[in-house]
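Asker: Take a look and give me a structure for this.
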Amino acid sequence: MKVRDVMPTAENTTNFDIMPDSDTQVGTTLENLKSAVNGETGASAKYAEFSKLAKEAGYDQISRQFACTSAAEQIHIALEVAEIKKKEPDYEPPKAPEASGFNTDINLISGALGEIYETSDMYPNFVKVAIEEGESSAELVFTRAKLAEAVHAELYLEAYNNIDAPDDDKFYLCPVCGYIHKGDDFEKCPICFAPKSMFKEF
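Answerer: Numbering: from 1, shown residues only. Model (predicted):
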């Protein structure tokens with residue numbers, strides 16, 4: 001993802017259209033935040049299991065990638081839970097579900113499909129409602145998550161295409177928005193502009 005002159009938002013970015021055959025259950029912003037937490041919790045657990053399976057199969061780089069993406073989803077969960085607690089201080093997020101996986105190539109496709117759904121369907125729907133309801137803080141959380149998920153999907157497909165030709169690149173996680181950069185050739189997050197010095201290495 002290229003760094004733009006201005007920080008990307010739902011208003012200045014043109015890839016926020018919703019899939020025509022969307023099957024996302026859309027409610028109020030508060031309901032959508034809870035739905036997002038449920039989805040991200042499942043995704044994080046799934047990627048943690050995929051990381052373990054990849055490690056056991058000898059795919060060290062892909063194992064690190066899954067672990068990094070699992071951690072990215074935890075960032076999204078924390079941001080969404082914080083929004084929920086503004087209205088429901090006693091809210092308790094769900095426990096991580098049991099997760100299972102398949103062979104690593106299939107797990108990469110599974111991950112990509114999940115991220116593509118979130119970036120092209122779920123989060124654009126939630127952003128739209130947040131804008132309509134004037135929930136600017138939730139809008140920002142949803143927007144940044146949507147943009148990060150697109151990059152996660154791209155990285156999963158890259159790993160799938162190069163599963164038998166890995167390189168030595170590490171993954172770097174933005175602790176502010178969950179963006180992941182592969183390799184160390186960057187200066188700041190293209191989504192939230194956090195500096196490279198803040199990123200966590202995997």
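
Asker: tell me which element the residue nearest to the spatial centre of the chain is part of?
Answerer: Centroid check for the chain by Cα atoms, centre = their mean gives Glu149 as the closest residue, at 3.8 Å. Taking DSSP states H and E as the criterion, the element that holds Glu149 is helix 136-161.

Asker: counting contacts, what elements does that helix pack onto?
Answerer: For helix 136-161, the packing partners by 3 or more Cβ pairs under 8 Å, 6 or more residues apart in numbering; DSSP states H and E come out as helix 29-56, helix 60-87, helix 104-117, helix 123-132, strand 180-182. In this view, the C-beta of every residue, glycine as well, is placed from N, C-alpha and C.

Asker: So the residue nearest to the centre of the chain sits against Ala112, correct?
Answerer: No. When contacts are counted by Cβ atoms under 8 Å, Glu149 is not listed as touching Ala112 (10.3 Å).

Asker: follow-up on the earlier one: distance-wise, check the residue nearest to the centre of the chain relative to Lys95.
Answerer: 22 Å (Cβ to Cβ, to the nearest Å).

Asker: Over to Pro124?
Answerer: According to Cβ to Cβ, Pro124 stands 28 Å off from Lys95.

Asker: neighbour count winner among the two?
Answerer: In this comparison of Pro124 against Lys95, neighbours counted by other Cβ atoms under 10 Å, the higher total goes to Pro124 at 21 against 8.
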